[in-house]
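Visitor: Predicted model and sequence follow; I will ask about them next.
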Amino acid sequence: MTIAAGSSETQTALGVQQWMGMYRQMLSIRLFEEQVNELYKRALMPGLAHLYSGEEAVAVGICEALRGDDYITSTHRGHGHCLAKGATPDRMFAELLGKEAGYCRGKGGSMHIADPKTGNLGANAIVGGSAGIATGAAFSAKQLKTGQVAVCFFGEGALGQGLFYEVMNLAQLWKLPVIYVCENNLYNEYTHYTETTAGDILARGTAFGLHAESVDGQDVRAVHATAARLVERARRGEGPALLMCKTYRYTGHHVGDISREYYRSKQEEQHWMGERDPIKLFAGWLLEQKHAEKAQLEGIYAEIETQMKKAVEFAVAAPYPGLDQVEQDIYA
Amino acid sequence: MPEAAVRELTFAQAIKEALAEEMRRDPKVCILGEDVAEAGTPFKVLSGLVEEFGTERVIDTPISEAGFTGLAVGAAMTGVRPVVDIMFGDFITLTMDQMVNQAAKVHYMSGGTWKVPMVMRTTLGAARRSAAQHSQSLHAWFSHVPGLKVVLPSTPYDAKGLLKTAIRDENPVVFFEDKMMYKLKGPVPAEEYTIPLGLADVKRVGRDITLVATSSMVQVALGAAKLLEEAGISAEVVDPRTTWPLDEKTIVESVKKTSRAIVMDEGYGRYGVAAEIAAVIAEGAFYQLDGPVKRMGAMHVPIPFSPPLEDATLPTDRTVFEAARALCSRS
């Protein structure tokens, strides 16, 4: 594989302001998900919620390497991707509550947030269902010569879906600017991925000739540096890549999945939360490098917490769509 | 002054001409599918297009129907206008998630912010001795799904006008071509025209019975109408041309006038397009009916290979004639 000459420069050139922006974004995702959990517990949130907590470094590290007009596709566990690509919490919460002010006018909900303004082609509730869409966005970028790149976020559970293999083949044949980002959080719902996944994950990409590598998904700097390299490579027309981010899902498959001992131990969860938390690790590095002081980080926390509470209040107070909207937007 | 002789094209030529015209008009239109470029598809419908538009716009894909259909959904969302070619209608099964869960729902689920202007061209129809996996007419499945539009042309004229409209439509449109019809000739004007989706065409005016017929069944209905005429029965043939949007008004008005109806569609009769149209007639013209609405379609069996068996699965001029005569003699 060829490592772009500029990658180390990209890394060191990141200013303190950008590091702090990434820290804020990770913390925003964490505190957003805590509010979602609260809304669910208070029975204010209808339907399902799949929390992203624990995986923040992946969404933030990747999206920080993208341009505003680059595309992403997201998953049922997609709040983090949407926020990292630029969605605002108030309209996100409104969508989660089925309100008119939401990104999809309340018609999509937690698993379908989409937003053309931030290049978000949509979260997808079919596991692996967006692999075609992301590849198609990369096809458009090549066909229309726009220089855009598409990122397909998917969980390791989607490795079981055939579509993924069909589109990797297409993407490599046509050298499409798409990065397939596998968020390996170890569990396909309630089953450890080793029980469902034969062979080697990266070999699935290299078999088609894709550039493939893995990265510590709890280290936002490593994710970002790798993503920046793969994105620039794709933008130069050198083709697609498969990036596996090793990460962990702190909570259950969805918020109602509380008793998890039958598929994973409390010790395992505590280990990841205590030793491998992406926000703590990044905060530690920021402090060590003297990019930030403790009081400053505490201030950011309080600020974001207030912002999230306000966003929830906005969403709770926002009106539902009028019933006349049930038959709108079926056809363009 | 005598009018210029009307130009005749085959069904296949009409489709190719529609594609070529739209590709010239809009550089964002491209074709994706198996053996669409140099081969021009096994039916040779697309022969010559790659020479004019190049392999960047007439694109051979791997045999990955789900993959290239899914790619087309994403491409349509982001500025390209893909026309995907699914060689045999039986293979739409492989594209179901991409069409039903993705293409059909993107616009609605995104609150109207994203749209999917793509066309899927595919085939339907038995009688090619191709057996059970290359002969089905599965258009009812897509007609069932909100968010998709479904087109069933029955003449070269309709094929060209409807395909041009489908390509310009901002939604996913599935375009089913009867593969037995590719050599059928008919008048196609040289000048530009389009036909709106959702507008039925009365292919023959009559007063005693309405034969609502789609795609391959239109020719059968016209054949039956001739036989009926010899027997003193005047049949009207209504071709909906699109199953969604469906021109309910034209169908219901015709049946109100004739008071009898047979609905013919090559899909399976049970839970199918014919059943839906029969229900539309029952709801809209019940008090004008002089008899039950009859459905005629493919027998409810996998299409057999053996020629006499395969032929037995389809309505013919004669069986439709018999059914119509029986309905008309009751009252």
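Guide: Structure received.
Visitor: which residue sits closest to the residue of the stretch 51-200 of chain A found nearest chain B, ignoring its sequence neighbours?
Guide: For the stretch 51-200 of chain A, the residue closest to chain B is residue A:132, as judged by C-beta to the nearest C-beta, at 1.6 Å. Where you see a C-beta, it was placed from the backbone N, CA and C, and this is true even at glycine. Excluding its sequence neighbours, the residue lying closest to residue A:132 (C-beta to C-beta, 6 or more residues apart in numbering or on different chains) is residue B:70, at 1.6 Å.
Visitor: pLDDT on the helix or strand where that neighbour lies, on average?
Guide: Assessed by DSSP states H and E, residue B:70 sits inside helix B:65-77. Mean pLDDT, computed over helix B:65-77, is 98.
Visitor: which residues touch residue A:183?
Guide: Applying C-beta atoms under 8 Å, 6 or more residues apart in numbering or on different chains, we find residue A:183 in contact with A:55, A:58, A:75, A:77, A:153, A:154, A:155, A:156, A:217, A:245, A:247.
Visitor: Pop out the phi and psi values for it.
Guide: Main-chain dihedrals, residue A:183, degrees, to the nearest 10: phi -90, psi 100.
Visitor: just residue B:294 next, same as before
Guide: phi -100, psi 140.
Visitor: Once you drop chain neighbours, what's closest to it?
Guide: Closest to residue B:294 by C-beta to C-beta, 6+ apart is residue B:262, at 4.6 Å.
Visitor: repeat for residue B:266
Guide: Ranked by C-beta to C-beta, 6+ apart and with sequence neighbours excluded, the top spatial neighbour of residue B:266 is residue B:137, at 4.1 Å.
Visitor: Is that neighbour located within a strand, as I assumed?
Guide: No - per DSSP: H, G, I helix; E, B strand; the rest coil, residue B:137 lies outside any strand segment and is coil.
Visitor: is it true that it touches residue B:269?
Guide: No - in this structure, residue B:137 is not within contact of residue B:269 by C-beta atoms under 8 Å, at 11.0 Å.
Visitor: Who has more neighbours out of the two?
Guide: Neighbours were counted for residue B:137 and for residue B:269 using other C-beta atoms under 10 Å in any protein chain shown; residue B:137 has more, 28 against 22.
Visitor: on that earlier part again, check the contacts of residue A:183 one by one and keep those near chain B.
Guide: Restricting the contacts of residue A:183 to those touching chain B (C-beta under 8 Å from any C-beta of the partner chain) yields no residues.
Visitor: Next, the contact list for the residue in chain B positioned nearest to chain A, please.
Guide: For chain B, the residue closest to chain A is residue B:70, as judged by C-beta to the nearest C-beta, at 1.6 Å. By C-beta under 8 Å, 6+ apart, the residues touching residue B:70 are A:131, A:132, A:133, A:135, A:136, A:163, A:166, A:167, B:98, B:102.
Visitor: State the pair within those that is farthest apart.
Guide: A:166 and B:102 (14.0 Å; C-beta to C-beta).
Visitor: Now list whatever residues contact both of those two.
Guide: A:132, B:70.
Visitor: quick one: pLDDT of the residue nearest to residue B:266?
Guide: pLDDT, residue B:137: 96.
Visitor: Over to the one 5 residues further on?
Guide: Residue B:142 carries a pLDDT score of 98 in this model.
Visitor: Next secondary structure element downstream of the helix holding residue B:70?
Guide: Going C-terminal from helix B:65-77, and assigning secondary structure by DSSP H and E, you next hit strand B:81-86.
Visitor: what does that following strand rub up against?
Guide: With C-beta under 8 Å, 6+ apart, strand B:81-86 has contacts from A:136, B:19, B:26, B:28-34, B:36, B:41, B:46, B:65, B:68-69, B:71-72, B:75-76, B:92, B:95, B:117-123, B:167.
Visitor: Compute the mean per-residue pLDDT across stretch A:323-332, please.
Guide: Stretch A:323-332 comes out at a mean pLDDT of 97.
Visitor: again with stretch A:20-35
Guide: For stretch A:20-35, mean pLDDT rounds to 98.
Visitor: go on, stretch B:15-28?
Guide: Mean predicted confidence for stretch B:15-28 is 98.
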